[in-house]
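Visitor: Show me how the following folds:
(chains A and B)
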There are 2 protein chains.
Amino acid sequence: MRNTKLSSLVCASLLFVGATNCINAEDAKQTVDPLIQKALSMGLKAIPNDINELKKLTDPDNVLTAQKVELGKKLYFEPRLSKSGIISCNTCHNLGLGGADGVSAAVGHMWTPNPHHLNSPTVYNSVFFKAQFWDGRSPHLEDQAQGPMQAAPEMASPPSLVEERVNSIPEYIAEFKSVYGNDVKIDFATITATIGAFERTLVTPSRFDDYLHGDASALSDTEKEGLDLFLTKGCIACHNGVALGGTMQAFAVTKPYKFANVGDFKGDANGMVKTPTLRNITETAPYFHNGQIWSLNEAIQEMGSIQLGITISDDEATKIATFFKALEGRKPEITYPMLPASTATTPKPDFK
Amino acid sequence: MRNTKLSSLVCASLLFVGATNCINAEDAKQTVDPLIQKALSMGLKAIPNDINELKKLTDPDNVLTAQKVELGKKLYFEPRLSKSGIISCNTCHNLGLGGADGVSAAVGHMWTPNPHHLNSPTVYNSVFFKAQFWDGRSPHLEDQAQGPMQAAPEMASPPSLVEERVNSIPEYIAEFKSVYGNDVKIDFATITATIGAFERTLVTPSRFDDYLHGDASALSDTEKEGLDLFLTKGCIACHNGVALGGTMQAFAVTKPYKFANVGDFKGDANGMVKTPTLRNITETAPYFHNGQIWSLNEAIQEMGSIQLGITISDDEATKIATFFKALEGRKPEITYPMLPASTATTPKPDFK
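Guide: Take a look at the predicted model:
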């Protein structure tokens, strides 16, 4: 924390002239380490420390309440939203495993592997993405949550089944009324929107954010070398913004991807692919849309090759991967939800 | 809390003569409601309020430490202990669903239904069982945990795979050393014993325990009627002790079970079957070893018929089921564990 003294001084002087917090002081601190300025100027952004700034990114319509988030959490962990009754959102986006599942292709209803051999992306920090799903077909989390729940190889639930299950459980009805008012219609859209609300809170500030906020000591020298390489080599072209990813980008620009033959995924109508976030990337192997690369170094080198047309050396890849350690985030503490019991009218698990 | 005044008086007088707590005062309170005495004299037991008394039941060898329980919790939620990497203990013994999975027969590796069509029993309060598994073949939780992990239709992991996965993750090695000392051998027995340690803490005191401890107002009048029927009709013969179950008993004594044809389970060598606990039974449908009965009333009536040779009327069954509501326990708060990342040497998920 080399800059503590300086930042305190700046902060104190700002307070003297009427500033209400030290955000400007942090800007001042950033001038100390030119690499921070370089990272910011090239398009990297910190997760805001200031709660109001964070809310502008995660809750722009100001819809989140503690009660809604808590209900959304229950539904996120609720296996009865799946046809079988044993698959929840958390099955493939496991909050204990970096928000993913650690397997190449997601496995769903009746152990069906994803038919396009697609890998489950992390839910952490997905609120910062400009688009959801690998082909970016969904604009936000509330909409995204409707996909896997219905998809036959995932949770395989028709919306009517989801609605019947939830509406058969008085505790859920009471909670929805408490969150949305007595006139709430507990339909598929409301249920999935409530899950989206919970997912909006799954934000993981890291040492890298501390660094961008001005704590030059938050990164080791090797991590800084890795960051500099990350910027200089051009990784930043796609992995930018708060999410270090989350936008649609051309894929395999300079060369075919070496595992392009696994699955039939070709991106959106224009061949664009959603760039995965690099936050918590050390926790979410395997990599790429079809989960074919397990080593972070190999993933970095393959990206250099197919996206940037450059060779990234083993040493450079190791340094970039070391920088990625600084993106391991502080996860929100999740109290495991106790789910209300089924009733006589709850539709039974369906294994067809 | 009708007896508060009386019990306070008794408690105060006992303190005066040197008693260190009010347990004896609770005995005194129990005399107020004859049904409490009846329940106790016929074999029902409360989960002790006194921590030392509780430890005698849940941790007789005094092996539990907070750190071991915390590590055990991680392993309980750890899907990488399964061959596929996506099934954990919590998959079938879901702590959010009354400690079970809510389906008739457990589903495991590659979506294999349990070959004997056996239903997953709850893990809550299983520490109080005299035997584990439906056929009682395991003496305690540390031993029990070795079964499903290896069983081909469950987690399907050879012990060597479990050991390799855990030993490939430095954070786990550090935690095992911290719990057991630097010389610890992180083998299958130690891993499963650590899970057992966590499971020993999954105890859920209920309103019924408050009642047995002397709070006569903890049960409603209908619940008391149900309890009295439960005692008088003979349910208590098998569903007794702290667990209201958990011992080996003859099954289908007076008549064949009406779904005896589903699955091939015949009990242990002597045809004995482990009596399920009734704690949290309202949360763990479907019922019976093969999960064929979804309604608690129907389960109660079927038990009367095949075990006791009596007819339990609809009204009586409803009252007994109402009593079971008082067995819904207060669950321990579980902070969802963040699991350490795999490494290059971690054996990959295996979907064969």
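Visitor: What parts of the stretch 1-150 of chain A come near chain B?
Guide: Counting by C-beta under 8 Å from any C-beta of the partner chain, the residues of the stretch 1-150 of chain A close to chain B are A:77, A:79-80, A:84-86, A:91, A:94-98, A:101-104, A:107, A:110-111, A:113. (Glycine included, C-beta is placed from N, CA and C.)
Visitor: again, only this time at 6 Å
Guide: Contact residues (C-beta under 6 Å from any C-beta of the partner chain) of the stretch 1-150 of chain A with chain B: A:77, A:85-86, A:95-97, A:101-103, A:110-111.
Visitor: now do the stretch 251-352 of chain A
Guide: Counting by C-beta under 6 Å from any C-beta, the residues of the stretch 251-352 of chain A that sit close to chain B are A:282-283, A:331, A:333-339, A:341, A:349.
Visitor: what do you get if the cut-off is 10 Å, keeping everything else the same?
Guide: Taking C-beta under 10 Å from any C-beta of the partner chain as the measure of proximity, the stretch 251-352 of chain A contacts chain B at A:280-286, A:291, A:294-297, A:328, A:330-344, A:346, A:348-349, A:351.
Visitor: Right, and chain B sits closest to which residue of the stretch 1-150 of chain A?
Guide: Going by C-beta to the nearest C-beta, chain B is nearest to A:W111 of the stretch 1-150 of chain A, at 3.5 Å.
Visitor: show me what contacts the nearest residue to that residue once chain neighbours are set aside?
Guide: Distance criterion C-beta to C-beta, 6 or more residues apart in numbering or on different chains; nearest residue to A:W111, sequence neighbours excluded, is B:W111 at 3.5 Å. By C-beta atoms under 10 Å, 6 or more residues apart in numbering or on different chains, the contact list for B:W111 reads A:84, A:86, A:107-112, A:351, B:153.
Visitor: With A:Y287 instead?
Guide: A:104, A:119, A:276, A:281, A:293-296, A:298-300, A:302-303.
Visitor: roughly how far apart are the residue of the stretch 1-150 of chain A closest to chain B and B:I86?
Guide: Using C-beta to C-beta, to the nearest Å, we find A:W111 at a distance of 9 Å from B:I86.
Visitor: can I assume A:T232 is in contact with A:M42?
Guide: Yes - shown here, A:T232 and A:M42 form a contact pair, counting by C-beta atoms under 10 Å, at 9.3 Å.
Visitor: quick one: the strands in the stretch 51-200 of chain A?
Guide: Remark: strands assigned in the stretch 51-200 of chain A by DSSP state E, counting those that start in this stretch are A:107-108, A:112-113.
Visitor: Just name the most buried of those.
Guide: Ranked by average neighbour count under the criterion mean count of other C-beta atoms under 10 Å in any protein chain shown, these are headed by strand A:107-108 at a mean of 25.
Visitor: on contacts alone, who are the packing partners of that one?
Guide: When contacts are defined as 3 or more C-beta pairs under 10 Å, 6 or more residues apart in numbering or on different chains; DSSP states H and E, strand A:107-108 packs onto helix A:89-92.
Visitor: about what we covered before: now tabulate the strands of the stretch 51-200 of chain A in TSV and tack on mean pLDDT.
Guide: Converted to TSV, those look like this (pLDDT from 0 to 100):
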stretch	mean pLDDT
strand A:107-108	97
strand A:112-113	96
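Visitor: could these go into CSV alongside distance to B:F128?
Guide: Output for the strands of the stretch 51-200 of chain A, formatted as CSV (distance: least, C-beta to C-beta, whole Å):
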stretch, distance to B:F128
strand A:107-108, 35
strand A:112-113, 39
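Visitor: right, and the ones you listed - which one's nearest B:A189?
Guide: Distance to B:A189, taken as C-beta to C-beta, is lowest for strand A:107-108 among those, at 29.6 Å.
Visitor: Just the buried residues of the residues of the stretch 251-352 of chain A next to chain B.
Guide: Buried residues within those, counting neighbours by 16 or more other C-beta atoms under 10 Å in any protein chain shown: A:280-286, A:291, A:294, A:296-297, A:328, A:331, A:334, A:336-342, A:346, A:349, A:351.
Visitor: any low-confidence regions in the stretch 101-250 of chain A?
Guide: Across the stretch 101-250 of chain A, nothing is flagged by pLDDT under 70.
Visitor: what about A:I186, distance to A:V166?
Guide: Counting by C-beta to C-beta, the separation of A:I186 from A:V166 is 6 Å.
Visitor: out of the two, which sits in the busier spot?
Guide: A side-by-side neighbour count of A:I186 and A:V166, using other C-beta atoms under 10 Å in any protein chain shown, places A:V166 first with 24 against 18.
Visitor: That one reaches A:M149, doesn't it?
Guide: No - using C-beta under 10 Å, A:V166 is not in contact with A:M149, being 11.6 Å away.
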